[in-house]
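Asks: Provided below are the primary sequence and the corresponding predicted coordinates.
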Amino acid sequence: MKRGIVNYLPGFPEISRRMFAAIAVLILGMVTALAFTPTPELTDERVDVVEILQLPSGQPLDQGHEIYVREERIAQGEQLDHLLVRLGVTDNEARRYVLRAPETQILHRQLVPGRMVDARVHADGSLVSLYFPLNGGENGMLIERRNGRLTARETARQYETRLMMKSGEIRHSLFGATDSLGIPDGIAIQLAEVFSGDIDFHRDLRQGDRFSLVYEMRYLHGKPANAGRILAAEFVNAGKTYQAFYFAHKDGTGGYYNARGEHLKKAFLRSPLAFSRVTSGFSLRLHPILGTWREHKGIDYGAPTGTPVRATGNGVVQFIGNRGGYGNLILLTHRGNYQTAYAHLSRFAASLKQGSRVSQGDTIGYVGRTGWATGPHLHYEFRVQGRAVNPLSIAMPNNIPLTKAQKADFEQESAPLQTRIALLKEMHIAHFE
Ligand SMILES: [Zn+2]
């Protein structure tokens, strides 16, 4: 093990973890204070803030109006009238309206067990509003009392998008750091994906690596509902700083660029395994049969049998089948005299055959222990003109430059994000150094 591996340090003292958690909480406190700064310029089309309800279910919203929020899941075979009772709607006018009005008849056919319906009611049970999800759940019916009259209309779910700003340091694993900061797994995995052309999150992480993040979090009635997108990120890996800013193109697509406006997508991913909780807990090991690194000419990724293996670059399948010590092997050829090999697979992706074209990130097979392997792992080789090389030693070609007009837009849009990242970094340094 030549590189510093911090994905898995079994002997890491518990006291340090606790100290780290304490520091993280401190920082989190400071960061949370910043997390809710309104930023119309960053969240324009995504934010659909209709209301912000900060209090947990069943609590009065404010003393003057005493509005209570109630959420209930539709039960198996439940009738609408019964559901209204459970939601605390005892207002007869509202019940008649919900049950009998022509515009609300659709609700009788939408009583899908498990769906969450929420109501806001006054302390006396009179209805303020009722939100009932329809079909797939992204749309729903909003019933409200406005100027004393009950109305119903179909509307999108009323999520509120908040920008979260967080910063952390890696002590024993990426998930260890993100967990202690309350960062959702989806965002931790996005972070690894954003930098997947530059950093192999299975092998390259070092103790002391730092990151700062600006990401969206969708809230429903004041409670976190799901993670949105990372808008800006910085990762300091082994002393080298990488930055990423999301840039939405006019055609609806988007991508991540560094501060100079260069696309982060590279011709090759650093790792043939996607970063996940499952793969993050496995340590790098030397080849179990051949023994030494020098003879080995590849990289082994320990991972459970069945873990998906992805093509690290666009290419064509040159070989797929069983080959001696390699076991089940896939060999891809890529433009520019590059080849990648994936060995010991338990099985191949369905319908993949010699001559098939694959795109970067496609699942081509699954981790196994076929051939000369004492345990499940992926043996990965990167070859240039037929010779195995360490992919980390090669400068990977960059592609897809921005046009002049796009670059101007990018500079304007990324400026506030760059300021935030710089701010987070300063706070971070102030706490750790
Ligand atoms: Zn190997």
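Replies: Cool, the structure landed.

Asks: Leaving out the residues flanking it, which one is nearest to the residue nearest the centre of the chain?
Replies: Centroid check for the chain by C-alpha atoms, centre = their mean gives G186 as the closest residue, at 2.7 Å. With sequence-adjacent residues excluded and distances taken as C-beta to C-beta, 6 or more residues apart in numbering, G186 is closest to A227, at 4.1 Å. Just so you know, the C-beta spots here come from the backbone N, C-alpha and C atoms, and that holds for glycine as well.

Asks: Using the three-state scheme, assign the one you found.
Replies: At A227 the chain is in strand, as set by DSSP: H, G, I helix; E, B strand; the rest coil.

Asks: E234 versus that one, what's the distance?
Replies: 18 Å (C-beta to C-beta, to the nearest Å).

Asks: if you count what's nearby, which of these two comes out ahead?
Replies: E234 (23 against 19; other C-beta atoms under 10 Å).

Asks: Please state the offset of the longest helix anywhere in the chain from the chain centre?
Replies: Of all the segments of type helix in the chain, defined by DSSP state H, the longest one is helix 404-432. Computed by C-alpha atoms, centre = their mean, to the nearest Å, the chain-centroid distance of helix 404-432 equals 20 Å.

Asks: If we go by neighbour counts, what in that helix is buried?
Replies: For helix 404-432, the neighbour count (16 or more other C-beta atoms under 10 Å) marks 407, 409-410, 413-414, 417, 420-421, 424-425, 427-428 as buried.

Asks: Could you verify my assumption that N237 touches D204?
Replies: Yes: between N237 and D204 there is a contact at 5.9 Å, judged by C-beta atoms under 8 Å.

Asks: got any residues that touch both of those two?
Replies: Residues touching both N237 and D204 (C-beta atoms under 8 Å, 6 or more residues apart in numbering): there are none.

Asks: Okay, helices next: where are they in the stretch 1-150 of the chain?
Replies: 14-35, 40-43, 80-86, 92-100 (DSSP state H, counting those that start in this stretch).

Asks: now the stretch 201-350 of the chain
Replies: Secondary structure of the stretch 201-350 of the chain (DSSP H, counting those that start in this stretch): helices at 277-280, 293-296.

Asks: Not counting sequence-adjacent ones, nearest residue to the closest residue to the ion within the stretch 301-433 of the chain?
Replies: Closest to the ion within the stretch 301-433 of the chain is H379: 3.2 Å, counting by C-beta to the ion. Counting by C-beta to C-beta, 6+ apart, A343 is the residue found nearest to H379 once chain neighbours are left out, at 4.0 Å.

Asks: Against R335, how distant is the one you found?
Replies: Counting by C-beta to C-beta, the gap from A343 to R335 is 22 Å.

Asks: Out of those two, name the residue with the larger neighbour count.
Replies: Each of A343 and R335 has its neighbours counted (other C-beta under 10 Å); A343 has more, 27 against 11.

Asks: start to end distance for stretch 177-186?
Replies: Start-to-end span of stretch 177-186 (C-alpha to C-alpha, to the nearest Å) is 14 Å.

Asks: So in the protein, where's the weakest helix or strand by average pLDDT?
Replies: Using mean pLDDT, DSSP states H and E, the weakest-scoring helix or strand in the chain turns out to be helix 40-43, at a mean of 29.

Asks: circling back: compare the mean pLDDT across the helices of the stretch 201-350 of the chain and name the weakest.
Replies: Per-stretch mean pLDDT for those is lowest at helix 293-296 (a mean of 53).

Asks: Stretch 109-118: end-to-end distance?
Replies: Note: stretch 109-118 ends 17 Å apart using C-alpha to C-alpha.

Asks: Buried residues, that stretch. List them.
Replies: 110-111, 117-118.

Asks: Contacts only, for A415.
Replies: Per C-beta under 8 Å, 6+ apart, neighbours of A415: none.

Asks: Against A422, how distant is it?
Replies: The gap separating A415 from A422 is 11 Å, by C-beta to C-beta.

Asks: tell me the SS of the residue nearest to the centre of the chain?
Replies: helix.

Asks: Wait, it touches P224, no?
Replies: No: taking contacts as C-beta under 8 Å, G186 lies outside contact range of P224: 11.3 Å.

Asks: overlap in contacts of these two?
Replies: Joint contacts of G186 and P224 (C-beta under 8 Å, 6+ apart) do not exist.

Asks: isn't there a helix covering Q190?
Replies: Yes: counting by three-state DSSP, Q190 is located in a helix.

Asks: Spatially nearest residue to it, not counting backbone neighbours?
Replies: That would be I230: by C-beta to C-beta, 6+ apart, it lies 4.9 Å from Q190.

Asks: List the beta-bridge partners for that neighbour.
Replies: Y215 (DSSP bridges).

Asks: Give me the neighbour count for it.
Replies: Neighbourhood size, I230 [other C-beta under 10 Å]: 22.

Asks: from what I can see it touches I189, true?
Replies: No: contact criterion C-beta under 8 Å: I230 and I189 do not qualify, at 10.1 Å.

Asks: number of nearby residues for the nearest residue to R357 once chain neighbours are set aside?
Replies: Distance criterion C-beta to C-beta, 6+ apart; nearest residue to R357, sequence neighbours excluded, is V316 at 5.6 Å. Counted with other C-beta under 10 Å, residues neighbouring V316 total 14.

Asks: shouldn't V316 be in contact with R335?
Replies: No: taking contacts as C-beta under 8 Å, V316 lies outside contact range of R335: 9.6 Å.

Asks: Can you report how many residues lie near the closest residue to G298 other than its chain neighbours?
Replies: Closest residue in space to G298, ignoring its immediate chain neighbours: E381 at 4.2 Å, by C-beta to C-beta, 6+ apart. Residues within reach of E381, counting by other C-beta under 10 Å, total 20.

Asks: Next SSE downstream of the helix or strand where E381 lies?
Replies: Element membership for E381, per DSSP states H and E: strand 377-384. Note on strand 377-384: by DSSP H and E, the next helix or strand toward the C-terminus is strand 387-389.
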